[in-house]
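**Student:** coordinates only, sequence not included:
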């Protein structure tokens with residue numbers, strides 16, 4: 001989301017001061033209301049990297065979603081795509097008919113389908129010194145280690161997948177996002193870690209309002225979004241409330257302070 005103009009909050013976009021020391025590219029260069037795909041990203045990134053090499057400098061690739069990075073590094077060839085206005089309208093009409101609210105996600109990452117009554121979500125604020133020296137993958141696993149123990153106690157077998165996902169052998173249960181906040185004044189700075197997990201999922205609604213692009217599914221063995229999701233209730237008879245109680249108890253044993261999940 002850093003590529004969009006105006007999205008300066010909750011996207012970890014480097015500040016003007018941070019950009020003074022090292023030249024940054026493709027930051028805030030796309031209007032916020034413009035459609036932007038992996039193909040568009042490759043069309044901008046490839047000549048930018050070539051120009052940096054031409055100046056005999058080494059480009060450093062930094063970003064959020066791995067799809068963009070892997071597409072660039074693997075030199076994936078993507079054909080130009082056009083939006084299907086009729087299909088989009090069909091999805092929007094279905095969403096309105098069934099009381100599903102469609103909103104634009106400002107904080108990066110892919111599309112999400114969330115049913116509040118079937119979702120478990122929480123945030124952790126971790127003092128920066130606690131996670132100092134850990135890379136991104138280590139931070140995600142450090143913050144969610146207690147979660148795997150809590151899920152196991154409820155009969156849900158889960159593991160870390162990719163950079164920031166929680167998954168079972170059958171599919172994705174949920175995912176996490178993080179942002180680091182630098183020290184300010186006397187404060188030590190902190191890491192904000194947030195998880196969104198599926199307890200249950202109405203796959204019928206999912207299929208009618210969310211259809212991942214061919215780009216998004218290009219590296220997936222399973223081509224159906226609904227079949228890639230494995231909510232907790234597929235493995236356990238525990239209610240959502242029982243799982244939340246177990247998570248709270250487990251978190252407290254790991255030293256987490258707070259009681260809102």
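**Tutor:** Perfect, I can see it now. Every value quoted in this text rests on a predicted model; they were computed, and no experiment measured them. Residues are numbered from 1 along each chain as shown.
**Student:** next one, pLDDT for the closest residue to residue 198 other than its chain neighbours please.
**Tutor:** What sits nearest to residue 198 in space, not counting adjacent residues and going by C-beta to C-beta, 6 or more residues apart in numbering, is residue 231, at 4.0 Å. To be clear about C-beta, it is placed using only N, CA and C from the backbone, and glycine gets the same treatment. We have a pLDDT of 93 for residue 231.
**Student:** quick one: residue 231 and residue 170, what's the gap?
**Tutor:** Residue 231 sits 10 Å away from residue 170, taking C-beta to C-beta, to the nearest Å as the criterion.
**Student:** these two - which one has more neighbours?
**Tutor:** residue 231 (24 against 15; other C-beta atoms under 10 Å).
**Student:** residues touching the more buried one, list them.
**Tutor:** 118, 173, 198, 199, 200, 201 (C-beta atoms under 8 Å, 6 or more residues apart in numbering).
**Student:** the residues you listed: which two are farthest apart?
**Tutor:** 118 and 173 (12.1 Å; C-beta to C-beta).
**Student:** low-confidence ranges, the stretch 151-261 of the chain, go.
**Tutor:** Residue ranges of the stretch 151-261 of the chain with pLDDT under 70: 211-227, 258-261.
**Student:** tell me which stretches of it form helices.
**Tutor:** Assigned by DSSP state H, counting those that start in this stretch, the helices in the stretch 151-261 of the chain fall at 203-209, 214-217, 240-253.
**Student:** for residue 68, phi and psi?
**Tutor:** With angles defined as degrees, to the nearest 10, residue 68 sits at phi -70, psi -40.
**Student:** picking that back up, which one of the contacts of residue 231 sits in the busiest neighbourhood?
**Tutor:** residue 173 leads these on contacts (other C-beta under 10 Å) with 28 neighbours.
**Student:** so who does the closest residue to residue 242 other than its chain neighbours touch?
**Tutor:** Of all residues not flanking residue 242 in the chain, residue 154 sits nearest, at 7.0 Å (C-beta to C-beta, 6+ apart). Neighbouring residues of residue 154 by C-beta under 8 Å, 6+ apart: 232, 236, 238, 242, 243, 246.
**Student:** follow-up on the earlier one: can you list the helices of the stretch 151-261 of the chain in TSV and add distance to residue 177 and mean neighbour count?
**Tutor:** Formatted as TSV, the helices of the stretch 151-261 of the chain follow (distance: least, C-beta to C-beta, whole Å; neighbours: other C-beta atoms under 10 Å):
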stretch	distance to residue 177	mean neighbour count
helix 203-209	20	16
helix 214-217	17	16
helix 240-253	18	16
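**Student:** on that earlier part again, touching both of residue 118 and residue 173, which residues are there?
**Tutor:** Common contacts of residue 118 and residue 173 (C-beta under 8 Å, 6+ apart): 198, 231.
**Student:** quick check: residue 99 is in a strand.
**Tutor:** No: counting by DSSP: H, G, I helix; E, B strand; the rest coil, residue 99 is not found in a strand; it is coil.
**Student:** state the distance from it to residue 37.
**Tutor:** Residue 99 sits 29 Å away from residue 37, going by C-beta to C-beta.
**Student:** those two - which one has more neighbours?
**Tutor:** residue 37 (16 against 7).
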